[in-house]
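[1] got a sequence here, can you model it:
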Amino acid sequence: MPHAMHHSLMASLGPVFYVFAAALLLFVFFTFLFIRRTVASFRDGVENSNRD
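    All right, here's what the predicted structure looks like:
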């Protein structure tokens, strides 16, 4: 009986785990885009100051 309870717990954990994993991937993706954009704008600022 306890084994069946454990199995149902894992089954119910499935969807929540996938949602959490998807949210984590989206967070990492947007963080990467934000950092890349920040670095690109910083690099442009340095080049512009050097050009003057």
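
[2] ok, now how distant is A21 from N48?
    Distance of A21 to N48, given as C-beta to C-beta, to the nearest Å: 41 Å. For glycine as for every other residue, the C-beta is placed from the backbone atoms N, C-alpha and C.

[3] do the same with V28
    30 Å.

[4] what do you get for A23?
    In this view, A23 and N48 are 37 Å apart by C-beta to C-beta.

[5] what is the neighbour count of G14?
    9 (other C-beta atoms under 10 Å).

[6] tell me which helix or strand it sits in.
    Taking DSSP states H and E as the definition, one finds G14 inside helix 2-51.

[7] could I get the average pLDDT for that helix?
    Mean pLDDT, helix 2-51: 84.

[8] how far does it sit from its chain's centre?
    0 Å (C-alpha atoms, centre = their mean, to the nearest Å).
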